[in-house]
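# got a structure for you, letters missing:
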């Protein structure tokens, strides 16, 4: 028996454990969808899956609570599939292996899926419970949030009946979020004719950068963590200048909303440069370790001998693309002027693939200001257009604008103070939440986002703080009992 089943509250952890057994990376939600649908039907509740793949389960009000406003409990079913390079794991087939480390639940070499598995588990616990007091409930468990909020975008107007939406997808217990950043995906592509490598004197080396912390490109973008794509572009740029080498392949990152942790490149050098090259890379690694001291403790940068590839990227394209990667905005662009401890605008150089006749670069730009989001997107379009690339914008969504006069926020602040003797923090989050998208299709919803404490979601260092889960669930139960009258 897995030890997390012994944790309190057991009715939440048992459902989270069950979710860890079901493969559910973004884009592969078939099994978890079926599981959640069957769960609702076994409870005798009205359960369905909409055209976008979202699961909707309705539970009637408990006796005496029929006059309360209807509450929508919302979380997403998918998880970010990230693993350490030396971890053997197939996210489409293998369960997540969890373990307890002090006050934290972690996964062995992979993301944990507490984002947003613990939100889904709390909803399941509420649906299953027979001893709670609540008004009419709707559980909305959305599909493919992590790759583009596709479930929320596909939710048809009029689907939901409730007046209050509680999003269970934020990552700091004791904080209530009433606004979030919007975002837009920036994709730059280019097709080219490969060039023959062409010299008998060339040797090939694979340059690997790994061991970075990575993390959530919204929540942790302000921590100064290294971006593997950005760093490798810098290194390759300097190698091209110093050794007059040629680039064959550049690959890094695999999720738009995860700060990339690993990247590699294959380059061709003159054989006589190899000795100097080894020294150069060792010195570069020492430089990076010094620059990121106290932020990144595991930086690895090393060379491996590989067979000489048949082709390289044409020199002009090689130089243009690397220059664009060097020049493009990455990280925090601006803090909110009126809330200077909160990021307003940022970008994440998430995925780079160059080689085999194609270049594909993907960036997630975020901002709580629509005008700044548009400015950042236009800046990125200009940067990669100058490199001769085709640039497209997609998946744009506006931020969720805060309402400090929200009735449910007022009720929740009082409830938290009564339960825990402390005032919860009320914040705007730089991550993207589905509230803004759902609020656009269902205007007038009164919305708050909250959750247990998680650290480093979207990376294999993801972990859930055990004591926070009990507080989170107790607060959710109390909130349901104290929702306003219709």
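The structure has been received and is ready for your questions. What you see is a predicted model, and the numbers here were worked out from it, not measured in a lab.
# would residue 19 count as being in a helix?
Yes: assessed by DSSP: H, G, I helix; E, B strand; the rest coil, residue 19 belongs to a helix.
# what does the helix or strand containing residue 265 rub up against?
Using DSSP states H and E, residue 265 sits in strand 263-270. By Cβ atoms under 8 Å, 6 or more residues apart in numbering, the surrounding residues in contact with strand 263-270 are 197, 199, 201-210, 228-229, 231-232, 236, 239, 243-253, 277, 306, 308-309, 312, 352, 355. Just so you know, the C-beta spots here come from the backbone N, C-alpha and C atoms, and that holds for glycine as well.
# hmm, 6 Å instead?
By Cβ atoms under 6 Å, 6 or more residues apart in numbering, the surrounding residues in contact with strand 263-270 are 197, 201-209, 228-229, 232, 236, 243, 245-252.
# Of the residues you listed, which belong to strands?
Within these, residues falling in strands by DSSP state E are 202-209, 246-252.
# which SSE is the nearest residue to residue 19 once chain neighbours are set aside in?
Once flanking residues are discounted, residue 19 sits nearest to residue 117: 4.6 Å by Cβ to Cβ, 6 or more residues apart in numbering. Residue 117 belongs to helix 114-128 when assigned by DSSP H and E.
# List the strands paired with whichever helix or strand comes after that helix, with their directions.
Counting by DSSP H and E, the next helix or strand C-terminal to helix 114-128 is strand 137-142. In the sheet, strand 137-142 lines up against strand 55-59 (antiparallel), strand 71-76 (parallel) (DSSP bridges).
# pLDDT of the strand holding residue 265, averaged?
The average pLDDT within strand 263-270 is 97.
# for stretch 205-214, which positions count as buried?
205, 207-214 (16 or more other Cβ atoms under 10 Å).
# same thing with stretch 31-42?
So, applying 16+ other Cβ under 10 Å, buried residues of stretch 31-42: 32-33, 35-37, 39-40.
# ditto for stretch 76-90
With burial defined by 16+ other Cβ under 10 Å, the residues of stretch 76-90 counted as buried are 76-84, 89.
# could you measure residue 35 against residue 231, distance?
40 Å (Cβ to Cβ, to the nearest Å).
# go on, residue 99?
31 Å.
# now do residue 382
Taken as Cβ to Cβ, the span from residue 382 to residue 231 is 23 Å.
# same check, this time on residue 98
31 Å.
# try residue 41
Taken as Cβ to Cβ, the span from residue 41 to residue 231 is 50 Å.
# ok, now residue 76?
If you go by Cβ to Cβ, the gap between residue 76 and residue 231 works out to 30 Å.
# Any figure for the gap between the residue lying farthest from the centre of the chain and residue 266?
Ranking residues of the chain by C-alpha distance from their mean position (Cα atoms, centre = their mean) puts residue 200 at the top, at 44.9 Å. For residue 200, the distance to residue 266 (Cβ to Cβ) stands at 18 Å.
# Check residue 212 too.
From residue 212 to residue 266 the distance is 20 Å (Cβ to Cβ).
# can you check residue 358 too?
15 Å.
# neighbour-wise, which of the two wins?
Ranked by neighbour count (other Cβ atoms under 10 Å), residue 358 and residue 266 place residue 266 first, with 21 against 12.
# mind listing what the residue nearest to residue 455 when sequence neighbours are not counted touches?
Distances taken as Cβ to Cβ, 6+ apart put residue 463 closest to residue 455, at 5.2 Å, once the chain neighbours are dropped. Residues near residue 463 by Cβ under 6 Å, 6+ apart: 104, 106, 455.
# ok, now residue 353?
By Cβ under 6 Å, 6+ apart, the neighbours of residue 353 are 251, 360.
# Is it in a helix, a strand, or coil?
Reduced to three states by three-state DSSP, residue 353 is strand.
# can you start the count at 52 instead of 1 from here on
OK, 52 is where the count begins now, so the last one is residue 404.
# so what pLDDT did it get?
On pLDDT, residue 404 comes in at 98.
# any idea how far it is from residue 263?
18 Å.
# which secondary structure element contains residue 426?
Per DSSP H and E: helix 421-436 holds residue 426.
# still on that earlier bit, tell me how far the residue nearest to residue 70 lies from residue 63.
10 Å.
# ditto for residue 354
Relative to residue 63, and taking Cβ to Cβ, residue 354 is found at 47 Å.
# same deal with residue 379?
42 Å.
# Check residue 383 too.
Distance from residue 383 to residue 63, counting by Cβ to Cβ: 34 Å.
# do the same with residue 99
Applying Cβ to Cβ to residue 99 and residue 63 gives a distance of 24 Å.
# more neighbours, those two?
residue 63 (23 against 13).
# Helices of the protein, start to end?
Assigned by DSSP state H, the chain shows helices spanning 61-71, 81-93, 165-179, 201-205, 279-294, 325-342, 366-378, 421-436, 458-471, 486-492, 517-532.
# do you know which of these lies nearest residue 122?
Comparison of the helices of the chain against residue 122 by Cβ to Cβ identifies helix 517-532 as nearest, at 6.3 Å.
# Tell me the buried residues in that closest one?
For helix 517-532, a neighbour-count test (16+ other Cβ under 10 Å) marks 517, 519-524, 526-531 as buried.
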